[in-house]
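J.: Could you look at this predicted model? Sequence included:
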Amino acid sequence: MSKVSSFEYISQAATEPSRSWSNSELAKFHYFNPNGLYAAKKASDVKIDELVEAGLAKSGAIIAYGGLNYFYTKLLSDLAMSKRVGRIDLLVTLQGIERNIATAAKFIEEKTAAAV
């Protein structure tokens, strides 16, 4: 498989990461693929924005849980553009994004339950 077709598969067609991928390929999957963690974080950010616009949450929620909480997504961006990706750096970054998504989901659940 050529590098172009490999990147196209990783960034578009793959539904989940493969155990045989390198750290760089895994970073690219989670950053570019619609099934990756970056896409899940963006979807979470949209929900936080909707809560703020509806008046169900204060604007600080965007900083704490939403689009301005971008430390780990910026790290993922840097890793996805790197040729050499360290395993620990990648795993810490992915766990950080997963944790951000989970805390945002809990916040969204609390605010929507309170609104009903």
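T.: Good, I have the coordinates.
J.: measure the residue nearest the centre of the chain to Glu110 for me?
T.: Centroid-nearest residue in the chain: Tyr38, 2.5 Å away (criterion: Cα atoms, centre = their mean). Using Cβ to Cβ, to the nearest Å, we find Tyr38 at a distance of 24 Å from Glu110. To be clear about C-beta, it is placed using only N, CA and C from the backbone, and glycine gets the same treatment.
J.: same deal with Gly96?
T.: Using Cβ to Cβ, we find Gly96 at a distance of 21 Å from Glu110.
J.: Also Pro17?
T.: Distance of Pro17 to Glu110, computed by Cβ to Cβ: 31 Å.
J.: List the buried residues of whichever strand or helix holds Leu90.
T.: Secondary-structure element containing Leu90, defined by DSSP states H and E: helix 87-115. For helix 87-115, the neighbour count (16 or more other Cβ atoms under 10 Å) marks 89-90, 93-94, 96-97, 100-101, 104, 107-108, 111 as buried.
J.: Over to stretch 64-74?
T.: 65-66, 69, 72-73.
J.: quick one: average pLDDT of that stretch?
T.: Mean pLDDT, stretch 64-74: 97.
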